[in-house]
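>>> Build me a structure from this.
(one chain, ligands or ions: 1)
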Amino acid sequence: MKITGIELRRIAMPLVTPFRTSFGTETARDVLLVRVATPDAEGWGECVAMSEPLYSPEYVDGAADVLRRFLIPALAETTDRSPYAVNRAMEPIKGHRMAKAALETAVLDARLRANGESFASFLGATRDRVPCGVSIGIADSIPHLLEVVQGYVDEGYVRVKLKIEPGWDVEPVAAVRERFGDDLMLQVDANAAYTLADARHLARLDAFDLLLIEQPLAEDDLVQHAELARRITTPVCLDESIVSASHAAAAISLGACSVINIKPGRVGGYLEARRIHDLCRAHGIAVWCGGMLETGLGRAANVALAALPGFTLPGDTSASRRYFATDVTEPFVLGDDGCLAVPTGPGLGVEPVPEILKEVTVSTEWIPF
Ligand SMILES: O=C(O)CCC(=O)N[C@@H](C(=O)O)c1ccccc1
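Reported below is the predicted structural model:
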């Protein structure tokens, strides 16, 4: 597969409502898209880095820079376009996993579209629909939170994730459990807002039969997560801490988690995401697909990944309307069964709608090969 050039495209995607987490509030996504052009097909990759390095060290301007100056030139030096060769070409560059994931995905998408194979088939999906959870930000009051949860439950989401932080944790969880009963699949996400000194306080969440508590402690501390896991009964799930299959192996062997949130952008791409899936499956560790407020492009790839057999918990693969009034692709719409259909077309199975893409585009940059 010959690449004729690569386009870096920045699009501005306003969010339907502000999304507040323990590390900040998002009101719009400044998204970097990577388009790989070949004579037979074009491929798309979405970089999930946020505008500022608050979730992880990466940020969107930095991702564009490392792609332009290092990752794309490294790719241009090889002629082997197999997905593994793309990974190998980028290997010497340290870190920048979200940037790498976007480029790997775009090359893979172009290749699969040319070969007529879907992302789901390539990854080894075993389902054609995936049950969807929804992530709910920190609200300004408990009554408002309950209203928001009611809305998403009415839409049919099968699992609710509540963002928590010190001062907004036990009370909102108790109120949701009280209002929606014990059958609602409920979990919380702290985005590393606590320390081990909060263990006794976090143990108060054990009363609410949560599916898991996501990333309670700092992303670089597996040992403290293992100690916390011994002091609470709610299963610990890691997100920010798991940036590779070797990190997942270390976390599992240390007992730092019993569930892992797999985000392909965070771990450097869908191939590494599948490796983590396979490793966790071998260890009986449940995984689910996390989200980074992706447009329909990244969402399509995530839904395909979430259809692999080890994804036994509903992910943050919500419908497009959860975040965007108008998605850049045909919208992902939640079915009456609370599921999204796995795209079946070649590659991602979706593409940007040209007039919408034009409207949301802030800048484009063409890098010829
Ligand atoms: O549904 C989604 O795409 C968002 C899910 C979600 O809560 N993402 C969180 C997270 O920490 O997992 C996040 C939000 C914003 C930025 C980074 C991460």
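
>>> wait, isn't Lys163 in contact with Val134?
No: the pair Lys163 / Val134 is not scored as a contact, 11.5 Å apart, by C-beta atoms under 8 Å. The C-beta positions use only the backbone N, C-alpha and C, and glycine is treated the same way.

>>> Spell out the secondary structure type for Asp278.
Each residue gets one of three states, and Asp278 gets helix by DSSP: H, G, I helix; E, B strand; the rest coil.

>>> what are the phi and psi angles of the closest residue to it other than its chain neighbours?
Nearest non-adjacent residue to Asp278, counting by C-beta to C-beta, 6 or more residues apart in numbering: Gly310, 7.4 Å away. The phi and psi values for Gly310, taken as degrees, to the nearest 10, are phi -80, psi -10.

>>> Walk me through the domains of this protein.
5-116+353-368, 121-341 (automatic domain parsing).

>>> residues touching Tyr270, list them.
Residues in contact with Tyr270 (C-beta atoms under 8 Å, 6 or more residues apart in numbering) are 101, 104-105, 108, 119, 123, 264, 301, 305.

>>> What distance do you get for the residue in the stretch 101-250 of the chain that the ligand sits nearest to to Glu355?
Here the residue of the stretch 101-250 of the chain nearest the ligand is Ser135; by C-beta to the nearest ligand atom that distance is 3.3 Å. From Ser135 across to Glu355, the span is 29 Å (C-beta to C-beta, to the nearest Å).

>>> what does Thr233 give?
Taking C-beta to C-beta, one finds Thr233 at 52 Å from Glu355.

>>> So for these two, which residue has more residues nearby?
Regarding Thr233 and Glu355, a neighbour count based on other C-beta atoms under 10 Å identifies Thr233 as having more, with 11 against 7.

>>> got the phi/psi numbers for Gly269?
Dihedral angles for Gly269 - degrees, to the nearest 10 - are phi 140, psi 180.

>>> residues in contact with it?
Counting by C-beta under 8 Å, 6+ apart, Gly269 touches 87, 97, 100-101, 104-105.

>>> ditto for Val130
Per C-beta under 8 Å, 6+ apart, neighbours of Val130: 289, 303, 306-307, 311, 314-315, 317, 339-340, 342.

>>> what about the residue nearest to Gly255 when sequence neighbours are not counted, neighbour count?
Take Gly255 and drop its neighbours on the chain: the residue closest to it by C-beta to C-beta, 6+ apart is Ala226, 4.7 Å away. By other C-beta under 10 Å, the residues close to Ala226 number 16.

>>> Ala226 is in contact with Ser258, isn't it?
No: using C-beta under 8 Å, Ala226 is not in contact with Ser258; the gap is 10.7 Å.

>>> where does the stretch 251-369 of the chain come near the ligand, residue by residue?
Selection of the stretch 251-369 of the chain residues close to the ligand by C-beta under 6 Å from any ligand atom yields 290-294, 316, 318.

>>> Format the residues you listed as CSV; extra columns: secondary structure and pLDDT.
What follows is those, written out as CSV (DSSP: H, G, I helix; E, B strand; the rest coil; pLDDT from 0 to 100):
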residue, secondary structure, pLDDT
Gly290, coil, 98
Gly291, coil, 98
Met292, coil, 98
Leu293, coil, 98
Glu294, coil, 98
Asp316, coil, 98
Ser318, coil, 98
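
>>> ok, and the most crowded of these?
Highest neighbour count within these, by other C-beta under 10 Å: Glu294, with 29 neighbours.
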